[in-house]
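Asks: got a predicted structure plus its sequence, pasted below:
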Amino acid sequence: MMYEDIKIRRVEAADERQYMIYDRYEVYEKQGAPLGALAFHYHNFYEIIYVLEGEYSSMLENQTYHLKKGDFLLIDCNRMHKYHYIEKKHDSSRRIILWITREMLNVLSDGEMDLGACFKQQESCAYHFPVYYEEMLRGYLLKLVMSEMLQMDMESGKRVLDKGYLILFFVYLNALCLRENHFFNEENMVEHPMVEAVSAYIEEHIKEPILIDDLADQVHMSKYHFLRKFKTLTGMTVHSFLTNKRLIKACAALKDGMSVTLAYQISGFSDYSSFLRNFQKAYGIPPGKYKDFFL
């Protein structure tokens, strides 16, 4: 049976959803240039993009990765990223998207190893593996993206098999990501010094009030030129970028067991009501409930 004849989970390119419907993991195929995700965003689960056909580009904070067939991109929880559109290049793009929570990886590992370690690599977020390993990982993803089992109507059996495929996929992926010769080719990466400088300044001064003028000074631009260029490059305003960086800092503090009061203070929010409003808008739950997930 050909791949095209198998019933698989597909999502339309126009689907802008950046949240999970299911509480542990989702796997689906997407085709064509996305109409959404054009502005920086982040989520509290891991994301893997595997390019099946064509090309695809994604910007992670201060770096754009130009992916081709067979490439993998790994995006950590709460990492700012966006789709980087290139006219006419992505119309035939096909890719598999895997979303999975830290909690699900912990369940799959059963305390034996950290299956999320592959997302923490500092040297690279994108990989191109030798053909044998790439086809092996591709096979697991194709099995996961199938919406039903061949010659079997048991939904429970499909779920059990999927857990097995996920374990195999992440065990091999973690081992492969440790090898430097699998890191992405630098000629397919573009750095954005302006975003890097702004992000570094925010992280260094995140506990303090930060003015737009302060950030513009870091990149030696006039305030209004800086605001326009930043919005064009990232798809979001400087104010939104700063707010989201503060939220990411607060989330990390809550996961480490810090009180809600201290978490919002060290992340630079001027008052609790502002923190609460922005947190619930981003995560859909209050910070106290978010913290409970990690107790």
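Replies: Looks like it arrived, so ask away. Numbering: from 1, shown residues only.
Asks: make it CA atoms for all contacts and neighbour counts henceforth
Replies: OK.
Asks: for stretch 51-60, measure first residue to last.
Replies: Chord length of stretch 51-60, first to last residue, is 17 Å (CA to CA, to the nearest Å).
Asks: neighbouring contacts of that stretch?
Replies: With CA atoms under 8 Å, 6 or more residues apart in numbering as the test, stretch 51-60 has contacts from 64-72, 79-86, 89-90, 92-96.
Asks: mind listing what residue 93 touches?
Replies: 31, 32, 33, 51, 52, 53, 54, 55, 56.
Asks: may I ask which two of these are separated the most?
Replies: With distances taken as CA to CA, the most widely separated pair in these is 33 and 52, at 13.6 Å.
Asks: quick one: buried residues of the helix or strand harbouring residue 239?
Replies: Residue 239 belongs to helix 238-255 when assigned by DSSP states H and E. For helix 238-255, burial by neighbour count (16 or more other CA atoms under 10 Å) applies to 238, 241-251, 253-255.
Asks: which member of these is positioned nearest residue 162?
Replies: So of the buried residues of helix 238-255, ranked by how close each gets to residue 162 (CA to CA), first place is residue 255, at 28.2 Å.
Asks: what separation do you get for that closest one and residue 291?
Replies: With CA to CA as the criterion, residue 255 and residue 291 are 6 Å apart.
Asks: with residue 280 instead?
Replies: From residue 280 to residue 291 the distance is 13 Å (CA to CA).
Asks: the more surrounded of these two?
Replies: residue 291 (19 against 13; other CA atoms under 10 Å).
Asks: quick one, what contacts that one?
Replies: Here residue 291 is in contact with 254, 255, 257 (CA under 8 Å, 6+ apart).
Asks: how about residue 198?
Replies: 215, 218, 219.
Asks: hmm, residue 196 and the second one touching each other?
Replies: No. Assessed by CA atoms under 8 Å, residue 218 is found out of contact with residue 196, at 10.4 Å.
Asks: so in terms of bridging, what pairs with residue 126?
Replies: Counting by DSSP bridges, residue 126 forms beta bridges with residue 73.
Asks: that one and residue 74 touch, don't they?
Replies: Yes. Using CA under 8 Å, residue 126 makes contact with residue 74 at a distance of 6.2 Å.
Asks: out of the two, which sits in the more crowded spot?
Replies: A direct count of neighbours by other CA under 10 Å for residue 126 and residue 74 places residue 126 higher, at 23 against 19.
Asks: nearest residue to residue 123 in space, please, no chain neighbours.
Replies: residue 183 (7.8 Å; CA to CA, 6 or more residues apart in numbering).
Asks: name the element residue 190 belongs to?
Replies: Using DSSP H and E, residue 190 falls in strand 189-191.
Asks: now do the buried residues in the following helix or strand past that strand.
Replies: Sequence order places helix 193-204 as the next helix or strand after strand 189-191, per DSSP H and E. For helix 193-204, the neighbour count (16+ other CA under 10 Å) marks 194, 195, 198, 199, 202 as buried.
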